[in-house]
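> predicted coordinates and the sequence they were generated for:
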Amino acid sequence: SQQGEEDPQALSIQEGENATMNCSYKTSINNLQWYRQNSGRGLVHLILIRSNEREKHSGRLRVTLDTSKKSSSLLITASRAADTASYFCATGSAGNEKLTFGTGTRLTIIP
Amino acid sequence: NAGVTQTPKFQVLKTGQSMTLQCAQDMNHNSMYWYRQDPGMGLRLIYYSASEGTTDKGEVPNGYNVSRLNKREFSLRLESAAPSQTSVYFCASSADRDTEAFFGQGTRLTVV
């Protein structure tokens, strides 16, 4: 089974609105990362948050991490059509060198 | 700056045939990974290599073998392809597990 589960599986919003997606994971982690994938392409790194951090910002992205609940959220503010993509969380687990991905959220921005 | 290069980009195999997917990175990264992506399943880790000379199984290693030929190259071999191995395969590399991973553009493999 996969380490991470994103929620919702799919999300459609109007351009300009904020988009929030969530990730839950199962085991202790060293860090959690978020990636974006445009259709049929390779993944692109967005942001990394370490296990001792609670919140991190990068441009229009805001990531939170709650290790007690084993969950993270990604907020994209003032969405744009170009944000249409799939978003994945990935975790580096304590004790090994694996980097495992969740199932993804498909985000559609409606112009 | 090529980053992570995968070859081939597309491949059609007949059941039982073998092939090797090639991956090379030019960023002097220690860690390399092979994933497969099926519709609705996200990315599943097949094998990974934390450093030159070491490889470890991921979530779905059955039917695959890997070789970390040197620090730059990490190949994935299908010895006897099966239709269940039809997927998009991604190679990735990172300095280590706790840093940003860079992905290749993927190999679309169809087994008929």
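Here it is on my side, so go on. Numbers count the residues shown, from 1 in each chain, chains lettered A, B, ... in the order given.

> for residue B:36, see how far away the closest residue to residue B:112 other than its chain neighbours is.
Take residue B:112 and drop its neighbours on the chain: the residue closest to it by Cβ to Cβ, 6 or more residues apart in numbering or on different chains is residue B:14, 6.0 Å away. Just so you know, the C-beta spots here come from the backbone N, C-alpha and C atoms, and that holds for glycine as well. Taking Cβ to Cβ, to the nearest Å as the measure, residue B:14 falls 19 Å from residue B:36.

> got a list of what the nearest residue to residue B:52 once chain neighbours are set aside touches?
Nearest non-adjacent residue to residue B:52, counting by Cβ to Cβ, 6+ apart: residue B:71, 4.7 Å away. Contacts for residue B:71 (Cβ atoms under 8 Å, 6 or more residues apart in numbering or on different chains) come out as B:28, B:29, B:30, B:52.

> which helix or strand contains the first one?
Element membership for residue B:28, per DSSP states H and E: none, as it lies in no helix or strand.

> who touches it in this structure?
So residue B:28 contacts residue B:71 (Cβ under 8 Å, 6+ apart).

> now it: how far from residue B:100?
14 Å.

> partners of the helix-or-strand element of chain A with minimal mean pLDDT, with directions?
Counting by mean pLDDT, DSSP states H and E, the weakest-scoring helix or strand in chain A turns out to be strand A:4-7, with a mean of 80. Using DSSP bridges, the strands paired with strand A:4-7 are strand A:19-25 (antiparallel).

> immediately after the strand it pairs with, which helix or strand?
Heading C-terminal from strand A:19-25 (DSSP H and E), you reach strand A:29-37.

> quick one: buried residues of that following strand?
Buried residues in strand A:29-37, counted by 16 or more other Cβ atoms under 10 Å in any protein chain shown: A:29, A:31, A:32, A:33, A:34, A:35, A:36, A:37.

> and chain B, which residues reach chain A?
B:4, B:31, B:33, B:35, B:40-45, B:48, B:50, B:56, B:58-59, B:90, B:92, B:94, B:96-106 (Cβ under 8 Å from any Cβ of the partner chain).

> return a ChimeraX selection command for the buried portion of these.
In ChimeraX, a selection of the buried entries from these looks like this (16+ other Cβ under 10 Å):
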select /B:4,31,33,35,42,43,44,45,48,50,58,59,90,92,94,97,98,99,101,102,103,104,105,106
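
> so where is chain B shaky, pLDDT-wise?
Counting by pLDDT under 70, the ranges of chain B that qualify are B:1.

> for it, what spans make up the strands?
B:4-7, B:10-13, B:19-25, B:31-38, B:42-49, B:56-57, B:64-68, B:74-78, B:87-94, B:101-103, B:107-111 (DSSP state E).

> same thing with chain A?
A:4-7, A:10-14, A:19-25, A:29-37, A:43-50, A:55-58, A:61-66, A:71-76, A:85-93, A:99-101, A:105-110.
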